Structure formats: structure tokens, C-alpha cells
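Peer 1: Got a predicted structure here, sequence first:
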Amino acid sequence: MPGPVHCVVEEGVALVTIDNPPVNVMSQAVRQGLVRALDAAEAAGVKRVVLTGAGKAFIAGADAREFAAAPQEPHLPDIIRRIEDFPVPVVAALNGTALGGGLEVALACRARIAAPGATLGLPEVTLGIVPGAGGTQRLPRLIGLGPALSLICEGRVIGAREAQDLGLVDAVADDPAAAAMSCPVPNRPATGALPAPPPDPDAVKAAREQAARRSAGQIARLKAIDLVDAATRLPFDEGLALERETFLALKASDQAAALRHVFFAERAAMAQGKGGGADIGSAVVVGGGTMGAGIAYALAGLGISVALVESDAAGVGRARANVARLYADAVKRGKTTAEAAEAEQAARFGFHEGYGALPPADIAIEAVFEDMEVKRQVFAALDAALPERTILATNTSYLDVNRVGEGLSHPERFLGLHFFSPAHVMKLLEVIRARTTSPQTLATALRLAARLKKIPVLAGVCDGFIGNRILTRYRQTCDIMLMEGTLPAQVDQALRGFGMAMGPYEVQDLSGLDIAYANRKRLGWRTKDGFRYIPIADRIVEETGRLGRKTGAGWYDYDGGTASPSPLIDRIVAEESARAGIARRTFSDEEIVTRAISSMIEEGFRILEEGIAARASDIDLVMVHGYAFPRWRGGPMHNAGRIGCAEIARRIEAFAAEDPLSWGVPALLREAAREALNPDDLGAAP
Ligand code: NAD
């Protein structure tokens, strides 16, 4: 049988194998092939059908290329219904990944046998949709309401053993296809004919509360909860109809489009690591503080040996303790055992005071204080101590990467690797191309990023690169709104309402007001010409010593862990408005969001226009993964495309008319507005 589905009949059993590399996605051709295979099995009068996948996957879900299109025949729900009603038992042999539509196929089978390494899940909500082929109705009938809510609403992917414990698979076998040929078929009705699970209002309420906490504003999770709940009340066929209707409506929604956009942007970013480059086997990390320890820990986890450098014995002691703390944490969270953690530290780590005894290394990553002179001295020392093949990388957050690397003997081996904190957890990595960085160096860095399972985004050199540059602008816009009439608590509440995980002032209280203060000082904002300087944040740091949660007060007062608006801050805000002769006015939450997000978009267009980012979707990735921009809004640039560039330009024009120092329509946005282009259509190589 040609095509992506093969059917072999042997001893009265039809073995149907889905073979659509690399991961057997359920394309239209696979659906057609399945129909033909079922026809052939029926015609051959077999006594059983075994359904399995070739390679490492059973069926990894829908075909991403068909995501945005209208469904094409044959429709998956019809195939699944046929499997469920098939005259002889169909048994799923889950050889590997069974996700989304793949698991929905398996759910309709009379039994499921899984390989020990198989993974199962219904992750549709992560793409802004719900399972659309019976998953929300069959799964709760098979495993009960609570577990089904947890799997479907969190999009959780589980292993074969957990699936067996839940009753989702009947057996685990090393060769599931062989086992499925002859295993007994459980004596129970087809999944769709199982009795509805009893209602559980408490579980439903808890799921709703969790959805509100984790992804406020995202519709798909709430709809998924409704559907699973409906399985307890509606007859099976009515539940299926409601599910399909919900699935089709969500598929066409803005949120699903935004989540697909981020998904494809991530895939494109991660594919960059496949472009060659050398493998890294050994590393030097300079500075064992917050970032250096996290970077070293992540590298060691890949089997890379790490020499961690501090400048004095006390620093070495702190670095050791920082690394040990990360391992202890991993042990506490059950990610490794105490013995394995101990062994990995002993095998992978060397701690060095200075550069005298450094072993040769493939890469050196600097994570010392954010100070130009300190960093330049570190690179001079690395240049002298390490072989000429060693790649040299700085983790600076804002400094001019070109200046940091000036004077190196092999400047083509130099670049920026801007990790986010905590470095071993955060997926985002800004890869900064210095003036001298060679393509080979970039390729090696991207390859390392892929091994670290990071999402790498290429950026050119400018103050703050992509993410911190937009962050700085966004905060400035919010500070301006404080001057003109609003207060921190309203700004935070409005932006949380938009979907940001936290408001800008809450974030500053968490990370410390001193960091942004030092940055403003470095930028010389107080005396900068042609710039609207807002003194509020500087006054807080200089006059009150309130640096955020670490000092027990910042933009907010803290009683224990609870934040409340501070009368002192409100007074400083009011005083500064008065001093500037501003008549304070009211802001709606909507206006706050419009201004804050428009400023991100304006900065994003400048970043594209200057070639700092190669494409709009990279900017979205940075903001979603590094700054908690709501994923379901697709990032600021995707959001701009949804609103329309002409409308964004009009808004910025209006803001610029009243505050020309702070706003202006970038030429690239003007062009996009004129040509009715989407930000994704723009971009220049950095
Ligand atoms: P940190 O203060 O926690 O750690 C800095 C470490 O560098 C300290 O352990 C210090 O002893 C060591 N050090 C200082 N001078 C040294 C020298 N000359 N030689 C060897 N070691 C030296 O700071 P951090 O938060 O880890 O930040 C480090 C760098 O990473 C900075 O450039 C910062 O801007 C950047 N960064 C920080 C974050 C963050 O969220 N913390 C995120 C991204 C990038």
C-alpha cells in the first residue's frame, strides 16, 4: 500500500502502520491512508486491527501546516468514530509520542498498549484550541473527571507508566505492536459508550481557579474545562457536537492565531541551531554569581566540563556555594539524587582564583559585574590565558558589546550571549553579533543553544539589545503616565488585565529598584538633551532608600508578603507632577495599556529598522519568553499586526503630537502602514 499508511494482514490481524516521518503527524494524506487501511482490513475479514506508528512516534498530533486552514476531508472525528464502531477490535500500539489527534485516535481503540518510553497528552490548549476529535468526551469517561481536567486543561504530557496508573493505557510492553497482536481485549464497552463520569463541582472550580492564576485571559483553557464538565451531563453525541463547534470557533480565534505565531517563531528560532558550528566540550565561566553559577550549572548538565573563575578566594567560596545550592535545589525537586549531584559537581567543575591554572576550553562566558572596565580586563586576561580557538562571550545586559571585546587578538571569536535569570531555567537566549563576530562563531553559539534547549534570538549591538531596550522604553512610558495622573497600582492592574504576568512596578520591586537606577544613571537621563526625564524613580531610590521587596518597601509598602499602595510614593508622584506644572488627569485602564504597548511596538519597529532584530517574530519571542508578555497575544509585534499598522501609526502620531520628545512614528512603521503590511512581512538581516 503506497503512501504514509501501510497495512499488512497476517494470521487474521491487520497491522496498520502510520509512516509519515519525522513524527507521523496526522496530515490529510495520513487520514486518507487510514481510511484506506480500515477499508482493506474490513474487506480482508480480519479478527483484529493493530494501529501503530513507524519510528519514534505513534502520531504526534495534527499537521502544523494545516493549522490555519479549514479542515479537509476525511475529517478526523469521522475516522475516529469508524475506529470505535469497527466490527472487530482495533488496538492501539503506542510505540512513541501520542499527542493531540494521535491520542484521540488511541482513545477510540478498544485497548492501548504503550512502549515504556511513550508519551501521551492532549496539549491543544497550548495552541489556543481544545481537542476537536472526541478527546474532551472520551478521556473523562475512561479515566475520570479530575485526571482528565488536569491533562486537558494544563496540556500536560505524561509518560507510559503514569498513563497506566491513570487507566489511560491497559499495559506497558517493550514491543507494543507484538503485544497488541494477541493481548486480551478488555471486557468493556467502546470508550464513547462508557458511562458518563460523575460530576465533581469542586474539581471544576479548582481547575477554573488554576486557569485564572496561570493564564488569565486565555479562553481555550476555560472552554476545555466547560467541555470536560459537559461530559458529566450531556449524552456522548451531544458532547461531541459541542466539542467540535467549540474547536472550530477557537481555531479561527485571535488567540489561536497568536499562539500559532509563537509556536512557529519558536520552531524557526530553534532550527537555527542545526546550521553547523562546532561542538562545545569544555567551558570557562568567569564570575560565579547569580548568572555565572546558573550558566555553569546548565553547561555541566550537558556533560561539559566547566572551570569557574573568580578573582579572589572569597569569590571562589561564594561561587562554590552558589553552584552547590543549584544542585541541592535539583535534588529537592526530585530531578536528581544527592549522589548523582555530588558526582557531577566533582566530575565537571573546577574552581579557579584567577587565570593562572586555567585548562584550555572551547568557550569562555563572562558573567562578572556590569561594568565596562571590569569586563574589558576580564577579556584581556582570557585572551592571554586561553587558546586562540576559544570562543569568548559576554553576558552583559546593556553594555556596548563591541567595546567590551575591543583589542582581542581574535575578535571573530567574540560575541554576546545574553542569558536570562535564572540562566538554567529561562528558555530565552539573546545571541549578540558583535561587529567582528564570524558566522562560524555564531553557528557554534547557536548549536550550543540548541543543546541547552534554549530559544536563541539573534540580535545586533545596541543598548539593551532587543529585550532590555524595549523594557526600558516601556517603563519610561509608564513613568510618564505617573507624571500625568495615574499611580503605580493602577498601571500594574491595567497591564495585568492585558495579560502581563506582573505589572512594571511589581516587577521592579521584585528585581530591585537599584538596577534600573544604575542603568538610568549610566544612560545620563537626568541631563540628556531632547529627552523627557521623569525624576520619580530616582527620588525614591535617593531619598527613601526603598529598593523593593529586598528592603521591605519599594513602589509598594509590604506587610509580610502582601503589597499595598504606598502613600509616600503617591505623594512623591503628586509632588513631581506639580513641580512640572502638570494638571493631573484620570487614565482609563485601556488608555494605560494602549500607551504602554504602543511604546513597545514603536521601539520594536525601531529595532527592526536598525537591523538589531532580523524579524518581527524574534522580537515577539524575546518579549514572551523573557518579559512575560502574554503568549496568547503573540507578542507586541504580532499584536500590532492584529490591530493594523495604520492604526498603530495613527495612535503614535497622536501621542507624538502632545509629547514629541517621547514618541515618534518610525519610518518602517510608516511604510508598513502605507503598504498595509504585517510586521511579519518586514525585517532586515542584522
Ligand atoms: P552577581 O553580582 O550575582 O555576580 C557577579 C560575580 O562576578 C560575583 O560573584 C563576583 O564576585 C564576580 N566577579 C566580579 N568581578 C570579577 C572579576 N574581575 N573576575 C572574576 N569574577 C568577578 O551578578 P549577576 O547578576 O550574576 O550578573 C552578572 C552579569 O550578568 C552582569 O553583566 C549582568 O548585567 C548580567 N546579567 C544579569 C542578569 C540578572 O538577572 N541578574 C540577567 C542577564 C544578564
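Peer 2: Nice, thanks for sending it over. The structure presented is a predicted model; accordingly, all values stated were derived computationally and were not measured.
Peer 1: tell me which parts of this protein are close to the ligand?
Peer 2: By Cβ under 6 Å from any ligand atom, the part of the chain that sits against the ligand consists of 286-292, 309-311, 315, 318, 367-370, 374, 378, 395-397, 419-421. Where you see a C-beta, it was placed from the backbone N, CA and C, and this is true even at glycine.
Peer 1: quick one: which of those sit in strands?
Peer 2: Those of the residues of the chain next to the ligand mapping onto strands are Val286, Val309, Glu310, Phe419, per DSSP state E.
Peer 1: if you skip the residues just before and after it, what's nearest to Ser150?
Peer 2: Leaving aside its sequence neighbours, Ser150 sits nearest to Arg156 (Cβ to Cβ, 6 or more residues apart in numbering; 6.3 Å).
Peer 1: Point me to the residue of the stretch 551-686 of the chain nearest the ligand.
Peer 2: The nearest approach of the stretch 551-686 of the chain to the ligand comes at Gly626, 9.4 Å away (Cβ to the nearest ligand atom).
Peer 1: Now for that residue, how many residues are close by?
Peer 2: Gly626 is flanked by 23 other residues according to other Cβ atoms under 10 Å.
Peer 1: so what's it up against?
Peer 2: Applying Cβ atoms under 8 Å, 6 or more residues apart in numbering to Gly626 gives the contacts Phe420, Met426, Leu428, Glu430, Gly467.
Peer 1: Spit out the contact partners of the residue in the chain that the ligand sits nearest to.
Peer 2: Per Cβ to the nearest ligand atom, Gly289 is where the chain lies closest to the ligand, at 1.8 Å. When contacts are counted by Cβ under 8 Å, 6+ apart, Gly289 touches Arg318, Ala319, Asn322, Ala367, Val368.
Peer 1: how about those in a markdown table, adding neighbour count and distance to Arg571?
Peer 2: Shown next, in a markdown table, are the contacts of Gly289 (neighbours: other Cβ atoms under 10 Å; distance: Cβ to Cβ, whole Å):
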| residue | neighbour count | distance to Arg571 |
| --- | --- | --- |
| Arg318 | 15 | 39 |
| Ala319 | 24 | 43 |
| Asn322 | 19 | 40 |
| Ala367 | 27 | 39 |
| Val368 | 22 | 39 |
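Peer 1: Looking at the residues you listed, which are in helices?
Peer 2: Arg318, Ala319, Asn322 (DSSP state H).
Peer 1: need these in a markdown table with distance to Leu38 and pLDDT, can you?
Peer 2: Output for the ones in helices among the contacts of Gly289, formatted as a markdown table (distance: Cβ to Cβ, whole Å; pLDDT from 0 to 100):
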| residue | distance to Leu38 | pLDDT |
| --- | --- | --- |
| Arg318 | 65 | 97 |
| Ala319 | 62 | 98 |
| Asn322 | 59 | 98 |
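Peer 1: Including distance to Asp226, could those go into TSV?
Peer 2: Shown next, in TSV, are the ones in helices among the contacts of Gly289 (distance: Cβ to Cβ, whole Å):
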residue	distance to Asp226
Arg318	51
Ala319	51
Asn322	46
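Peer 1: Among those residues, which one sits closest to Val401?
Peer 2: In terms of Cβ to Cβ, no member of the ones in helices among the contacts of Gly289 lies closer to Val401 than Ala319, at 24.0 Å.
Peer 1: Would you agree the closest one is in contact with Val286?
Peer 2: No. The criterion here is Cβ atoms under 8 Å, and Ala319 misses it with Val286 at 10.1 Å.
Peer 1: Could you report the neighbour count for Pro87?
Peer 2: 11.
Peer 1: Sorry, slip of the keys, the one I care about is Arg674.
Peer 2: Each residue near Arg674 was counted by other Cβ under 10 Å, and the total is 11.
Peer 1: Make 33 the starting number, not 1.
Peer 2: OK, 33 is where the count begins now, so the last one is Arg706.
Peer 1: Distance of it relative to Pro391?
Peer 2: 58 Å (Cβ to Cβ, to the nearest Å).
Peer 1: Quick check: can you list the domain ranges of this structure?
Peer 2: Listed domain ranges for the chain are 37-284, 314-491, 499-713 (source: automatic domain parsing).
Peer 1: how about these in JSON lines, adding distance to Ala300?
Peer 2: Listed next are the domains of the chain as JSON lines, based on distance: least, Cβ to Cβ, whole Å:
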{"stretch": "domain 37-284", "distance to Ala300": "12"}
{"stretch": "domain 314-491", "distance to Ala300": "10"}
{"stretch": "domain 499-713", "distance to Ala300": "7"}
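Peer 1: for those domains, which one sits closest to Lys306?
Peer 2: Using Cβ to Cβ, the domains of the chain put domain 314-491 closest to Lys306, at 6.9 Å.
Peer 1: and that closest one, how far out from the chain's middle?
Peer 2: Domain 314-491 has its C-alpha centroid displaced from the chain centroid by 22 Å (Cα atoms, centre = their mean, to the nearest Å).
Peer 1: Equivalent analysis for stretch 242-262, please.
Peer 2: Centre-to-centre, stretch 242-262 and its host chain are 19 Å apart (Cα atoms, centre = their mean).
Peer 1: Give me the contacts around it.
Peer 2: 156-157, 159-163, 168-169, 171-172, 177, 180-181, 184-186, 231, 236, 239-240, 271, 274-275, 278, 282, 285, 287-288, 528-531, 662-664.
Peer 1: Over to stretch 51-70?
Peer 2: Residues from elsewhere that reach stretch 51-70 (Cβ under 8 Å, 6+ apart): 33, 35-39, 46, 48, 50, 81, 85-98, 104, 106-108, 111, 114-115, 118, 129, 132-134, 137.
Peer 1: Now do the same contact list for Lys79.
Peer 2: Residues near Lys79 by Cβ under 8 Å, 6+ apart: Gly44, Val45, Val120.
Peer 1: shouldn't the second one be in contact with Met213?
Peer 2: Yes. Applying Cβ under 8 Å, one finds Val45 in contact with Met213, separated by 5.3 Å.
Peer 1: mind pulling up the phi and psi values for Phe446?
Peer 2: For Phe446, the backbone dihedrals (degrees, to the nearest 10) come out as phi -110, psi 140.
Peer 1: which residue packs closest to it, ignoring adjacent ones?
Peer 2: In space, Phe446 is closest to Gly437, 4.0 Å off (Cβ to Cβ, 6+ apart).
Peer 1: which residues does the one you found contact?
Peer 2: If you count contacts by Cβ under 8 Å, 6+ apart, Gly437 has them with Phe411, Leu424, Thr426, Pro443, Phe446, Ala466, Thr468.
Peer 1: which ones among the residues you listed are found in helices?
Peer 2: Per DSSP H, helices hold the following members of those: Phe411.
Peer 1: In ChimeraX, select just the buried ones from the contacts of Gly437.
Peer 2: The buried residues among those can be selected in ChimeraX (16 or more other Cβ atoms under 10 Å) with this line:
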select :411,424,426,443,446,466,468
